[in-house]
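sequence first, predicted model second:
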Amino acid sequence: MNSSHSQPDEPARQSAWAELVATAQRTAAEGLVVGTSGNVSVRVGDEVLVTPTGVPYDRLGPDDLTAVDLAGRRMAGTLRPTSELPMHLAVYAHAPDARAVVHTHAVHATAVSTLVTELPPIHYMTAALGGPVRVAPYARYGSPALADHMARALEGRSACLLRNHGTMAYGASLAQAYDRTAQLEWMCRVWLTAASVPGLTPSLLSEEELAGVAEQLRGYGQGG
């Protein structure tokens, strides 16, 4: 094994895996995925723990841990990783600050992905995702083309929509990646609801307004 590879110890792997499973189960419990759709990953050192393909989240346990390196080579486990592994690896390759990725088939976000090329800035939380959320062009699931389209849609953003498919969001932690996913689905629901009122057009935020929010968000929370 390459000595430069940062391989986590087994307790770190198991702890990260437990959090990953809990996050995956939360996506199902909160209606962001159905059945075995969607997938979740977390980076630990130079390894990526990822949900295996075709296994219901409520059946995942410690023995199902699935890990690959940043090139997709198996590092731990016997189950095959999600078919969407190329997208996850593309996020880690293009976003150095990414430590976790959540992919869902959330209903409202998927609906929006079929209607527009960019989610209109209906709410100031658009700024928290880096700006108006782009829609990556359609490509078959699991394909290199889809990973390429997604990477371009994520430039300068921490989330995107996948046309006729769903959502992709990353964060510095599983909690942040999940929160961004949930925020995106909520914004899509708000826009669809507002846009559905006959004879009225939703008001949208300007670039200047979003820039002001982005600046204010830098000081948000208890850090100061």
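That came through, no problem.

any idea how far apart the tips of stretch 156-169 sit?
Stretch 156-169 has an end-to-end distance of 12 Å (criterion: Cα to Cα, to the nearest Å).

wait, I meant stretch 189-202
Stretch 189-202 has an end-to-end distance of 13 Å (criterion: Cα to Cα).

may I see the buried residues of that stretch?
Across stretch 189-202, burial judged by 16 or more other Cβ atoms under 10 Å covers 189-192, 194. Yep, even glycine has a C-beta here, placed from its N, CA and C like the rest.

tell me which of those residues fall in helices.
189-192, 194 (DSSP state H).

before we move on, the earlier item: got a markdown table for the buried residues of stretch 189-202, with pLDDT and distance to V21 too?
Output for the buried residues of stretch 189-202, formatted as a markdown table (pLDDT from 0 to 100; distance: Cβ to Cβ, whole Å):
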| residue | pLDDT | distance to V21 |
| --- | --- | --- |
| R189 | 98 | 27 |
| V190 | 98 | 30 |
| W191 | 98 | 32 |
| L192 | 98 | 31 |
| A194 | 98 | 36 |
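
ok, the residues you listed vs L154, which is closest?
Minimum distance to L154 across those is 19.9 Å, recorded for W191 (Cβ to Cβ).

contacting residues for that closest one?
Counting by Cβ atoms under 8 Å, 6 or more residues apart in numbering, W191 makes contact with 112, 119-120, 122, 202.

tell me the secondary structure at S37.
coil (DSSP: H, G, I helix; E, B strand; the rest coil).

please tell me how far it sits from A28.
Separation of S37 from A28 (Cβ to Cβ, to the nearest Å): 9 Å.

now swap in D64 and tell me
15 Å.

looking at the two, which is more packed in?
A28 (18 against 15; other Cβ atoms under 10 Å).

now do the helix or strand harbouring the more buried one, average pLDDT.
Using DSSP states H and E, A28 sits in helix 10-29. For helix 10-29, mean pLDDT rounds to 95.

show me where this protein has helices.
For the chain, applying DSSP H gives helices covering 10-29, 85-94, 107-113, 144-153, 174-195, 207-217.

centre of the chain versus the longest one, how much separation?
Here the centre of mass of C-alpha atoms in helix 174-195, compared against the chain's by Cα atoms, centre = their mean, to the nearest Å, lies 11 Å away.

okay, which residue is most central for this protein?
Centroid-nearest residue in the chain: A169, 2.4 Å away (criterion: Cα atoms, centre = their mean).

how about low-confidence regions in the protein?
1-6, 220-224 (pLDDT under 70).

rerun that using 50 as the cut-off
1-4 (pLDDT under 50).

buried subset of the contacts of W191 as a ChimeraX selection?
Here is the ChimeraX selection string for the buried members of the contacts of W191, based on 16+ other Cβ under 10 Å:
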select :112,119,120,122
